[in-house]
Structure formats: structure tokens, C-alpha cells
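Trainee: what's the 3D shape of this:
(one chain, ligands or ions: 1)
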Amino acid sequence: MHINDIMAKDSPTFSFEFFPPKTPEAAETLFHAIRELEEYMPHFVSVTYGAGGSTRELTHDLVERIKNTTRLDPIPHLTCVCHSADEIDRILARYAKSAIGNILALGGDRPRGLVYDKSRDAFQHAVDLVKFVRRFNESGIHPDRRGFGIGVAGFPEGHPSTPNRLLEMDYLKAKVEAGADYIVTQLFFENRDFLDFRERCLLAGIHVPIIAGIMPITSMSGFRRIAELSGGTRFPARLIRALQRCDNDVKMISRVGIHFALEQCHDLLDNEVAGIHFYTLNRSDATRVIFDSLGIPRRRRAPAEAGSSS
Ligand SMILES: Cc1cc2nc3c(=O)[nH]c(=O)nc-3n(C[C@H](O)[C@H](O)[C@H](O)COP(=O)(O)OP(=O)(O)OC[C@H]3O[C@@H](n4cnc5c(N)ncnc54)[C@H](O)[C@@H]3O)c2cc1C
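Mentor: Numbering: from 1, shown residues only. Next comes the predicted model:
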């Protein structure tokens with residue numbers, strides 16, 4: 001379903017993010033998690049896109065499998081990295097044929113362990129990809145006459161490669177003016193950063209819905225990995241203190257991390273957030289606990305909606 005229809009029907013939205021599994025065993029674990037999360041009927045789920053190589057086809061496969069075997073509405077991520085315009089065109093045509101409603105258009109992470117020359121990419125920034133998807137939408141190939149709904153990334157704490165925060169806001173605005181319908185943010189642990197970002201967007205004239213990215217910490221190794229992968233993320237002292245109090249007790253760390261994320265979610269809902277997007281790391285436990293504790297009734301699908309996804 002086009003994101004504008006999803007947002008018009010229901011607010012705030014709840015959504016989950018998965019990454020494509022690399023082995024058959026990991027695929028089964030993921031599908032077990034998907035089945036458990038399906039009961040919550042998120043408004044959409046999104047599937048990340050690898051930085052290069054064979055995992056990219058896995059994104060397509062996972063999106064198709066979710067679309068064909070569950071009642072969930074998958075949104076594929078797509079990036080500029082190592083792609084020609086023709087390749088992107090073919091990927092979009094394939095998703096259009098499968099009636100995928102939306103695309104998250106991203107700059108993309110640099111591939112690790114590969115020699116990579118960004119200047120060879122057909123699109124240098126996400127804004128160029130957004131423009132391309134927009135032109136694709138105008139071709140009329142997509143079964144929805146509006147074409148794909150388009151999402152883009154936003155960084156409440158700023159993106160490491162643009163230290164000038166005013167310029168960064170100009171770049172974000174350019175993505176919206178190029179056709180983005182919504183923004184999903186990088187994960188954050190301090191809601192003030194998100195709320196301030198949302199206000200700065202408004203002041204800059206950005207009026208599309210901004211969905212907050214939340215990742216519950218469930219282990220100390222996960223905690224360190226987040227610091228590694230989402231460069232620049234701030235970890236508030238009260239979170240670090242709470243985790244240190246756990247004294248490496250694995251279960252306690254997970255409970256503390258989930259509780260922290262739950263408090264963030266309550267506060268975001270009180271502040272009328274447009275949506276909450278959970279980075280699930282392909283597991284259902286933490287997201288389920290948070291969801292159950294938010295007091296949100298499991299959504300029931302309207303018959304027309306259920307019919308359109310089967
Ligand atoms: C919700 C979310 C999902 C993500 N999913 C994935 C994924 O599936 N796969 C993946 O590889 N990565 C993913 N990422 C990571 C993301 O692709 C990288 O962090 C990337 O560096 C930034 O993405 P972007 O779309 O904001 O890129 P861009 O908008 O291209 O921005 C990248 C940098 O360039 C700057 N910039 C933008 N426009 C211009 C311009 N015109 N001129 C000069 N500088 C400019 C920006 O300020 C920023 O510093 C995700 C990030 C988020 C927040």
C-alpha cells in the first residue's frame with residue numbers, strides 16, 4: 001500500500017526492520033520471528049539492502065517471500081552504491097511488477113573489504129535516486145498510478161560526513177522536494193535529539209511525516225556493535241549507568257535495554273510521533289515485549305486491506 005494511504009489511515013504507524021539472512025538456518029530463524037511479529041500487524045516492514053555482492057539479491061528474495069507468504073507489507077531499501085541507472089531501473093521494474101508499494105531510497109553504506117570508487121556510481125547521493133524513482137513513477141509502469149511511495153533517511157544527531165548541520169538540513173530538504181513522502185530516522189537513544197530534529201525539519205519547511213528509529217539494546221556486544229555501525233550515535237550517561245549496574249548479567253542487560261527503549265516509545269507517543277520503526281536485528285523478543293507493554297491493541301486488518309496483500 002502506498003505510504004501516503006498507510007499514513008492517512010492510521011497514525012502513529014508501527015513498523016519493523018529486517019535484514020536478509022545469509023544462510024538457510026538464519027532464514028528459518030528470521031521467518032519464525034516474522035511469524036511472531038506478524039500477529040502485531042505492523043503497518044509495514046522494511047528490508048535492508050547490502051553494500052554490494054550477493055546479499056543484494058537476498059533482499060529481493062526476502063521482500064518477495066514476505067509479500068507472497070505473509071500478510072505484511074514489505075518496503076525494500078535501495079541504495080546508490082555500485083549501481084548503474086539501468087540496474088536500478090530493472091530493480092524498480094521487478095518491484096513494480098510485484099506491486100511493492102514503497103521504496104526506501106538511500107545513499108548506502110560503503111562496501112567493506114571491497115575497492116570502491118563512489119564516482120563510478122550513477123547516483124552520487126540519495127537525492128539523485130529519489131529523482132530517478134520519481135521519473136520511474138511517471139512512466140506508468142507501476143500498478144498504482146502514483147508509482148512507489150518514497151522514503152528517505154534522516155539523522156537526528158547528524159550524519160558523520162556532513163559536519164555542517166545547516167547544509168545537512170538543506171540536503172534533507174532537497175530529498176523531500178525531489179519527491180520523498182516520508183523520513184525514517186537513524187536510531188537514537190535521547191528523545192530530545194529526535195524532537196529537536198523534528199522541529200528543525202519544520203523550521204526548514206520539511207512537512208512530511210518523520211518516523212522514529214528505535215533499537216532496543218539486548219546485549220553488551222550488540223551495544224558495542226551499534227556504536228560501531230551507526231557512527232556518531234550518542235549514548236546517554238543514564239543508559240550506560242543502567243547497563244553497568246547489570247554487572248554483565250545477560251538477562252538483566254536485555255531487560256534494562258528493553259525497558260529503556262520502552263520509555264523512549266512512551267515518550268515519543270506522548271509527543272505525537274508519526275511512527276515508530278523498530279530495528280529488530282531479525283529477532284522478535286524485544287520488539288514483542290515493548291509492543292505488549294505499550295498498550296497498543298493488535299491491529300485487525302480491514303477485509304479490503306487483507307485481500308490486497310495476498
Ligand atoms: C533508516 C535507515 C535505513 C538504512 N538502510 C540502509 C541499507 O539498507 N543499506 C545501506 O547500505 N545503508 C543503509 N543505511 C545507511 C545509510 O545509507 C548511510 O548512513 C548513508 O551514508 C546515508 O544515507 P542517506 O540516504 O542519508 O544518503 P545521502 O542523502 O546521500 O547523504 C549521505 C551524506 O551526503 C550528504 N549529502 C546529501 N546530499 C548531498 C549533496 N547533494 N551534496 C553533497 N553532500 C550531500 C549528506 O548530508 C550525508 O552526509 C540506512 C540508514 C537509515 C537511517
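
Trainee: can you count the residues close to the closest residue to the ligand within the stretch 101-250 of the chain?
Mentor: The minimum distance from the stretch 101-250 of the chain to the ligand, using C-beta to the nearest ligand atom, falls at residue 107 (2.4 Å). The C-beta positions use only the backbone N, C-alpha and C, and glycine is treated the same way. Look at residue 107: counted by other C-beta atoms under 10 Å, it has 23 neighbours.

Trainee: tell me the contacts of it?
Mentor: Residues near residue 107 by C-beta atoms under 8 Å, 6 or more residues apart in numbering: 79, 80, 81, 125, 126, 129, 153.

Trainee: switch the cut-off to 10 Å
Mentor: In this structure, residue 107 makes contact with 79-81, 118, 121, 123-129, 152-153, 159, 161, 171, 175, judged by C-beta atoms under 10 Å, 6 or more residues apart in numbering.

Trainee: what does the stretch 101-250 of the chain have sitting close to the ligand?
Mentor: Remark: the part of the stretch 101-250 of the chain in contact with the ligand comprises 106-109, 125-127, 152-153, 159, 161-162, 168, 171, 175, 184, 186, 213, using C-beta under 6 Å from any ligand atom.

Trainee: could you flag which of the residues you listed are buried?
Mentor: In terms of neighbour count (16 or more other C-beta atoms under 10 Å), the buried residues within those are 106-108, 125-127, 152-153, 159, 168, 175, 184, 186, 213.

Trainee: Now the residue of the stretch 101-250 of the chain closest to the ligand. Its backbone dihedrals?
Mentor: In terms of degrees, to the nearest 10, the main-chain angles of residue 107 are phi -70, psi -50.

Trainee: And for residue 62?
Mentor: phi -70, psi -40.

Trainee: How many residues are close by it?
Mentor: A count of neighbours around residue 62, defined by other C-beta under 10 Å, yields 23.

Trainee: nearest spatial neighbour of it, skipping sequence neighbours?
Mentor: Nearest residue to residue 62, sequence neighbours excluded (C-beta to C-beta, 6 or more residues apart in numbering): residue 20, at 4.7 Å.

Trainee: returning to that earlier point: quick one: which of the contacts of residue 107 sit in strands?
Mentor: Using DSSP state E to define strands, the subset of these located there is 79, 152, 153.

Trainee: Quick check: bridge partners of residue 153?
Mentor: Applying DSSP bridges to residue 153 yields these beta-bridge partners: residue 184.

Trainee: Now do the contacts for residue 160.
Mentor: Taking C-beta under 10 Å, 6+ apart as the contact definition, residue 160 lies against 230, 231, 232, 233.

Trainee: can you check residue 11 too?
Mentor: Residues in contact with residue 11 (C-beta under 10 Å, 6+ apart) are 43, 209, 272, 273, 274, 275.
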